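[1] Structure for the following, please:
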Amino acid sequence: MIRHMINLSIANTAVFLAIASLHALRLAFQLPVRVAGHEVEGWVSIAAVIGALVLAALNWRAIHSPGKTEWLKLLLALLIVDAVLAFYSWKAGLSYWGLEAKAFAWWLLFDLVAIAVLFWGIRRKKN
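    This next block holds a predicted model:
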């Protein structure tokens, strides 16, 4: 079971690195990207490269560090990425996966509450 989780975590790290690489290539070749008919700006790929690299590093660190704190930090980072995506989708008025802009606002609110609770839990655990 534990070996299976480690293999899955290594695969997750590879996926995060692949996402970072694809966004870096998009920036290097200045390729246009459209989501739900909306042109995605270049800064989104810059944020995606940074975010994916941070997630890969946190994931790798969690594999090699015993204890829950590293896993909680990884979960916190994933929630922050999700909140950024929900915010962007809400502000851009995007509609995809059957969700409208208003649904992304509610999703963002859920993410922010979860981030606050998790951040508080991590800080409390350190003290």
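[2] any idea which residue sits dead centre in the chain?
    Residue closest to the average C-alpha location in the chain (Cα atoms, centre = their mean): Val81, at 3.2 Å.
[3] any idea how far Leu55 is from that residue?
    7 Å (Cβ to Cβ, to the nearest Å). To be clear about C-beta, it is placed using only N, CA and C from the backbone, and glycine gets the same treatment.
[4] for Asn12, same thing?
    Per Cβ to Cβ, Asn12 is found 8 Å from Leu55.
[5] Over to Ser45?
    Counting by Cβ to Cβ, the gap from Ser45 to Leu55 is 15 Å.
[6] Low-confidence stretches in the protein?
    For the chain, the stretches with pLDDT under 70 are 1-2, 127.
[7] Can you list the residue ranges for helices in it?
    In the chain, the helices defined using DSSP state H lie at 2-28, 42-64, 69-92, 101-126.
[8] and of those helices, who's closest to Ala36?
    Set against Ala36 and scored by Cβ to Cβ, these come closest in helix 69-92, at 8.7 Å.
[9] So which residues make contact with the closest one?
    Under the contact criterion Cβ atoms under 8 Å, 6 or more residues apart in numbering, helix 69-92 has outside partners 38, 44, 47, 51, 54-55, 58-59, 61-62, 94, 96, 99, 101, 104-105, 107-108, 111-112, 114-115, 118-119, 121-122, 125-126.
[10] And the nearest residue to Leu31 once chain neighbours are set aside, how far from Ile122?
    Distances taken as Cβ to Cβ, 6 or more residues apart in numbering put Leu25 closest to Leu31, at 7.7 Å, once the chain neighbours are dropped. As judged by Cβ to Cβ, Leu25 and Ile122 stand 34 Å apart.
[11] likewise Ala86?
    Distance, Ala86 to Ile122, using Cβ to Cβ: 21 Å.
[12] Equivalent analysis for Trp90, please.
    To Ile122, Trp90 is 26 Å away according to Cβ to Cβ.
[13] Of the two, which one has the most company?
    Taking neighbours as other Cβ atoms under 10 Å, Trp90 and Ile122 compare with Trp90 leading, 20 against 15.
[14] can you tell me how far that one sits from Ala83?
    Taking Cβ to Cβ as the measure, Trp90 falls 10 Å from Ala83.
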